[in-house]
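Q: Model the following, please.
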Amino acid sequence: MSNTVIKVENLSKQYRLGEVGTGTISHDINRWWAKVRGKEDPFLKIGEANDRATKGNSDYVWALQDINFEVKQGEVLGIIGRNGAGKSTLLKILSKTTTPTTGNIKVKGRIASLLEVGTGFHPEMTGRENIFLNGAILGMTRKEIKSKFDEIVNFSGVERYIDTPVKRYSSGMYVRLAFAVAAHLEPEILIVDEVLAVGDAEFQKKCLGKMKDVSGQGRTVLFVSHNMNSIKDLCNRGVLLENGLLAKDDNINNVLKIYTENSIWNLQKNFKDFRHHSGPRLFGFISEMFIQNATNEKIQHTFLMGSEVLITLKVQVHSYMKNAEVGIKISSISGVPLTYLVSCWEGLEFDLDIGEHIFNVSILDIYLYPGKYFISPWLLIRGSAADDSIQEAEVIEILNNDITGFNTRFDSYAYSGCEVYQKSIWTKEK
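A: Numbering: from 1, shown residues only. Down below sits the predicted model:
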């Protein structure tokens, strides 16, 4: 089609772990001799899928394997996947900073790429000189660059340092100027990797707005990010990569749904394997925990901001517990405690006989921003150390709520590094 600006056909990229080339002269000669005779590369017959979490039996891995897709002019394509899925490798091939092992790509138009901090910048040159250097690399004339110069500097917010060598810039300043250059010199295709995460929140918002403007002008954007809200807000189509394979190419909402479900499943699988009990367990222990919403009885791990979350704890008591307390800690994936839900804070203390006891806690109107969170329960006798606790027993994910104006009341709840009060109701089943 005439409006197709990127076409990827049977694209694959193979690496040998820990080596440059094939690692030995004999292997390199064998590969060269096969190419001279028009034969298939003998090392393409070996290699494993690129699963970074498992130890393989081969030194060869496929960072990408048999990737096929097209991108239309003016389309904003989100490329998502776990770390090591092949996203950056794909962008490097599209940007022509590395070559594919097999397959080919067809690109129509100039590409500006921002793959890592300071891409294309010379550290000894000033910000001003790097603007002209990058413009020249993109094929712009000096007159065209000068006409955009003031706009680039104003957008970047580094005017005071524009005549300072960029080696003295902070990583955030680097990104500000690099993105401003890439976005304002009017390439037909703009490729942006996770590098924007280095910038502050205000600049990220500006960048997303600029990418919307770029796509509105008929130019194409390829965007890689782990911020699912930014992906959903900016992109109309998504590509999901898993272990170097193209798992899904569809409407962005469908792709995000599959990615979220897979991520939660993998988190649950991994964390349940490694969760551990702590505490003396003199009186009892937590035997089971499951999570659901207010209207659905089945176990669930994804919730909208502001929705109700129900957590059930089953406790096995083998010695009478007087003034027992149960509680739950919610923490970020990085381990920062965000909120505590404690039965005694609601005025409840329990005397537990030997046997099984079931506790329910209802989290009302959950005050957490979109993201994944650990749930860690505990059991103790008031005034003593935890008799039993399970660290990182479960994972939940909070999704953005699309109701207009809903998010404004969350703005004051900055959770990073501080605790947030969370209203809850504890009950005990008979």
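Q: Which positions in stretch 279-292 come out as buried?
A: 279, 281, 283-286, 289, 291-292 (16 or more other Cβ atoms under 10 Å). Just so you know, the C-beta spots here come from the backbone N, C-alpha and C atoms, and that holds for glycine as well.
Q: just stretch 376-394 next, same as before
A: Of the residues in stretch 376-394, those scored as buried under the neighbour-count criterion (16+ other Cβ under 10 Å) are 376-381, 386-394.
Q: neighbours around R37, how many?
A: Other residues near R37 come to 8 when the count uses other Cβ atoms under 10 Å.
Q: Distance of it relative to A178?
A: In this structure, R37 and A178 are separated by 44 Å, where distance is defined by Cβ to Cβ, to the nearest Å.
Q: next one: V336
A: Going from V336 to A178 by Cβ to Cβ gives 30 Å.
Q: So if I had to pick from those two, which one is more boxed in?
A: In this comparison of V336 against A178, neighbours counted by other Cβ under 10 Å, the higher total goes to A178 at 28 against 13.
Q: shouldn't that one be in contact with G120?
A: Yes. If you go by Cβ atoms under 8 Å, A178 and G120 touch, sitting 7.3 Å apart.
Q: Closest one of the buried residues of stretch 376-394 to S170?
A: Set against S170, the nearest of these by Cβ to Cβ is E392 (33.7 Å).
Q: In contact with S156, which residues?
A: Contact partners of S156, counting by Cβ atoms under 8 Å, 6 or more residues apart in numbering, are 127, 173, 176-177, 179-180.
Q: switch to 6 Å and redo it
A: By Cβ atoms under 6 Å, 6 or more residues apart in numbering, the contact set of S156 is 176-177, 180.
Q: what about the residue nearest to T89 when sequence neighbours are not counted, is that helix, strand or coil?
A: The spatially closest residue to T89, leaving aside those adjacent along the chain, is A63, at 4.5 Å (Cβ to Cβ, 6 or more residues apart in numbering). Taking DSSP: H, G, I helix; E, B strand; the rest coil as the rule, one finds A63 in the strand state.
Q: per-residue pLDDT, A63?
A: At A63, the pLDDT value in this model is 85.
Q: For the stretch 251-400 of the chain, just list every one of the strands.
A: Taking DSSP state E, counting those that start in this stretch as the test, the strands found in the stretch 251-400 of the chain are 276-278, 284-293, 302-304, 309-317, 321-332, 337-342, 350-352, 355-363, 371-381, 386-391, 394-399.
Q: okay, now the domains of the chain?
A: Segmentation of the chain into domains, based on automatic domain parsing, reads 65-261, 275-428.
Q: ok, back up a step: mind checking the strands of the stretch 251-400 of the chain for the one nearest to L138?
A: In terms of Cβ to Cβ, the element of the strands of the stretch 251-400 of the chain nearest to L138 is strand 371-381, at 36.0 Å.
Q: Grab the most central residue of the chain for me.
A: Per Cα atoms, centre = their mean, the C-alpha nearest to the average position across the chain is that of H226, at 2.3 Å.
Q: What sits closest to it if chain neighbours are left out?
A: E194 (6.4 Å).
Q: any idea how far M125 is from that neighbour?
A: Distance check for E194 against M125: by Cβ to Cβ, it reads 25 Å.
Q: ok, now E186?
A: When distance is defined by Cβ to Cβ, E186 is 22 Å away from M125.
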